[in-house]
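Compute the structure for the input listed below.
(one chain, ligands or ions: 1)
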Amino acid sequence: MQQNIHDAFENATKQIRQACDLYEGCRLDQNKYEVIAQPRRIIEVAIPVRMDSGNMKVFTGYRSQHNDARGPFKGGIRFHQDVNKSEVKALSMWMTFKCAVIDIPLGGGKWGIIVNPKELSEWELERLSRGYVRELYKYIGPETDVPAPDVNTTPQIMAWMMDEYSRLVGKYSPGSFTGKPLSSGGSKGRGQATAQGGVYVLQKILELRGEEINGKTICLQGAWNAGLTMAELMVDLWATVIGISDSRGGIYNEKWLDVVKLSELKKNKKSVTDYDDADKLWEKEVLEKKCDILIPAALENQITEDNAADIQAGIILELANGPITPEADKILETNKIDVIPDILANAGGVMVSYFEGVQNDMNFYWEEDEVQDKLLKKITEAAAAVHETKQEYKTSYRSWAYIVAMKRIFDAMKDRGEV
Ligand code: GLU
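The predicted structure follows:
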């Protein structure tokens with residue numbers, strides 16, 4: 001494998017290694033570590049797509065299936081020009097731990113295609129989405145592997161994929177994909193679930209620390225679905241958003257930013273940098289601004305050993321997957337900046353995906369209140385368990401989230417006779 005200190009797969013294995021060294025159930029039996037340190041299967045596909053010009057273009061895609069001891073592989077599909085095999089492997093590993101820490105009966109998987117979807121027309125995007133399913137449908141399904149949205153993939157894309165899968169297997173199979181539109185077997189509450197789950201986790205952890213969201217200042221990196229929804233939910237709870245960025249740059253105003261105006265800008269396909277009353281920043285500079293809570297909600301490897309010492313926030317809530325490298329984690333720990341890790345902080349998305357699959361199986365759909373109540377209950381239980389263990393053993397939230405998850409994964413593997 002290519003040596004790169006910010007290689008996502010290496011970061012994921014380092015995190016698991018660290019947790020394994022702390023948890024005697026793993027430390028004393030290295031076979032267990034060996035079994036979870038690799039995905040079970042990685043499939044690489046070449047997807048030929050007829051472009052609007054009439055020419056064919058071949059896209060590369062991956063599916064990594066990490067572990068299914070607790071249930072079918074589960075995880076999103078990423079469409080991004082920087083997708084690579086190592087990243088998809090890492091993301092699938094994080095999914096296994098994410099599903100286990102919130103205690104839903106699913107394993108970990110991930111899809112990725114190397115493509116900048118902004119360069120495709122709507123028809124090309126549909127043909128690519130359907131082509132991807134044709135290459136991979138034999139390896140997925142409601143009982144084997146259930147994909148969902150991730151960076152740059154939408155409910156519409158999930159509907160096309162579910163339709164293609166249903167045609168290929170010859171029966172309506174809404175449970176084959178989650179994050180679908182309501183018209184095609186989606187769940188109420190799935191669209192905002194990642195951000196909503198992040199809010200519930202943050203609220204619970206602050207409450208256990210004797211603090212509250214009201215009055216806190218917030219900086220966000222990323223203003224796509226999860227980041228922007230998070231900003232809106234934070235304002236509803238009387239926090240003040242003072243910094244935000246998107247792929248074109250960032251803005252900061254130490255007093256406040258008007259999130260309603262920011263949402264308008266994004267809905268009109270503009271950048272947060274088109275907002276008037278704020279200092280303009282480079283995209284990553286927002287991470288280093290003074291605020292109470294910093295929320296990275298973009299891609300991985302954003303806080304590294306190069307900028308970790310410059311972080312001024314009190315708490316970091318990882319709404320993105322893998323935004324902090326293990327080297328940066330150490331610096332943040334020394335500087336007493338608590339990190340609420342991705343596998344807990346952004347698990348609301350997959351939690352409601354799980355609820356969506358349950359509703360698809362029953363062919364009976366819940367009201368929004370019911371989805372919210374279930375999300376709140378399960379994710380705050382997970383947050384409380386991680387917080388309490390951290391208090392007892394005085395290490396990072398990340399290590400304890402991994403240990404809580406690891407124990408559940410190993411129990412399933414042991415009971416099934418795998419280890
Ligand atoms: N892409 C999301 C994640 O990384 C959601 C996955 C899902 O719903 O299966 O957690």
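
ok, then the element right after the helix or strand hosting Leu91?
For Leu91, the host element (DSSP states H and E) is helix 85-101. Per DSSP H and E, helix 85-101 leads on to strand 108-114 as the next helix or strand towards the C-terminus.

Kindly calculate the angle that that next one makes with helix 85-101.
150 degrees (axes from the mean of the first three to the mean of the last three C-alpha atoms, to 10 degrees).

Taking strand 108-114 as reference, get the angle to the helix or strand just after strand 108-114.
Scanning forward in sequence from strand 108-114 by DSSP H and E, the next helix or strand is helix 122-136. Here helix 122-136 runs at an angle of 130 degrees relative to strand 108-114 (the same axes, to 10 degrees).

What spatial separation is found between the spatially closest residue to Arg408 that is not a sequence neighbour and the ligand?
In space, and not counting its chain neighbours, Arg408 is closest to Ala100: 4.5 Å by C-beta to C-beta, 6 or more residues apart in numbering. No exception for glycine: its C-beta is placed from N, CA and C like everyone else's. As defined by C-beta to the nearest ligand atom, to the nearest Å, Ala100 lies at a distance of 13 Å from the ligand.

show me what contacts Ala100?
Arg70, Val404, Ala405, Met406, Arg408, Ile409 (C-beta atoms under 8 Å, 6 or more residues apart in numbering).

right, and out of those residues, which lies closest to Glu211?
Taking C-beta to C-beta as the measure, Glu211 lies nearest Val404 of the contacts of Ala100, at 22.5 Å.

Tell me the spacing between Ile403 and Ile337.
For Ile403, the distance to Ile337 (C-beta to C-beta, to the nearest Å) stands at 21 Å.

typo on my end, it should be Glu264
Glu264 sits at a distance of 33 Å from Ile337 (criterion: C-beta to C-beta).

now Leu168
48 Å.

Those two: who's more crowded?
Ile337 (18 against 15; other C-beta atoms under 10 Å).

what pLDDT does the closest residue to Val235 other than its chain neighbours get?
Nearest non-adjacent residue to Val235, counting by C-beta to C-beta, 6+ apart: Val259, 4.8 Å away. On pLDDT, Val259 comes in at 97.

Just give the nearest non-adjacent residue to Ser396, would you?
Using C-beta to C-beta, 6+ apart and skipping the chain neighbours, the partner closest in space to Ser396 is Glu333 (5.8 Å).

Other residues contacting the strand or helix carrying the one you found?
Using DSSP H and E, the element containing Glu333 is helix 326-334. Defining contact as C-beta under 8 Å, 6+ apart, one finds that helix 326-334 is touched by 5, 11, 14-15, 18, 303-305, 307-309, 311, 316, 324, 339, 396, 398.

list the helices and strands the helix or strand of the chain with the lowest mean pLDDT packs on?
Every helix and strand in the chain was compared by mean pLDDT, DSSP states H and E; the lowest is helix 24-27, with a mean of 88. The contact analysis (3 or more C-beta pairs under 8 Å, 6 or more residues apart in numbering; DSSP states H and E) places helix 24-27 against helix 8-22, helix 30-36, helix 397-415.

Can you give me the pLDDT of whichever residue of the stretch 51-200 of the chain sits closest to the ligand?
Here the stretch 51-200 of the chain gets closest to the ligand at one residue, Gly76, 2.6 Å apart by C-beta to the nearest ligand atom. Per-residue confidence (pLDDT) for Gly76: 97.

Could you do Asn31 as well?
Note for Asn31: predicted pLDDT of 89.

got the contact list for Thr273?
Contact analysis of Thr273 by C-beta under 8 Å, 6+ apart lists Asp246, Arg248, Gly249, Gly250, Ile251, Lys280.

Apart from its chain neighbours, what residue comes closest to the fifth one?
What that stands for is Ile251. Closest to Ile251 by C-beta to C-beta, 6+ apart is Ala278, at 3.9 Å.

Give me the neighbour count for that neighbour.
Ala278 has 21 neighbouring residues, counting by other C-beta under 10 Å.

Which two of the contacts of Ala100 have the greatest separation?
The most widely separated members of the contacts of Ala100, counting by C-beta to C-beta, are Arg70 and Val404 (13.1 Å).

Any idea how far apart the tips of stretch 252-266 sit?
Distance across stretch 252-266, first residue to last, is 17 Å (C-alpha to C-alpha, to the nearest Å).

show me where the stretch 201-350 of the chain has helices.
Along the stretch 201-350 of the chain, the stretches classed as helices by DSSP state H, counting those that start in this stretch are 225-236, 259-267, 326-334, 342-345, 348-362.

Serialize those to JSON lines and add fields for mean neighbour count and distance to the ligand.
Shown next, in JSON lines, are the helices of the stretch 201-350 of the chain (neighbours: other C-beta atoms under 10 Å; distance: least, C-beta to the nearest ligand atom, whole Å):
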{"stretch": "helix 225-236", "mean neighbour count": "22", "distance to the ligand": "9"}
{"stretch": "helix 259-267", "mean neighbour count": "16", "distance to the ligand": "20"}
{"stretch": "helix 326-334", "mean neighbour count": "18", "distance to the ligand": "19"}
{"stretch": "helix 342-345", "mean neighbour count": "30", "distance to the ligand": "8"}
{"stretch": "helix 348-362", "mean neighbour count": "24", "distance to the ligand": "3"}
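
mind putting those helices in JSON lines, distance to Lys118 included?
Formatted as JSON lines, these follow (distance: least, C-beta to C-beta, whole Å):
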{"stretch": "helix 225-236", "distance to Lys118": "15"}
{"stretch": "helix 259-267", "distance to Lys118": "14"}
{"stretch": "helix 326-334", "distance to Lys118": "29"}
{"stretch": "helix 342-345", "distance to Lys118": "25"}
{"stretch": "helix 348-362", "distance to Lys118": "22"}
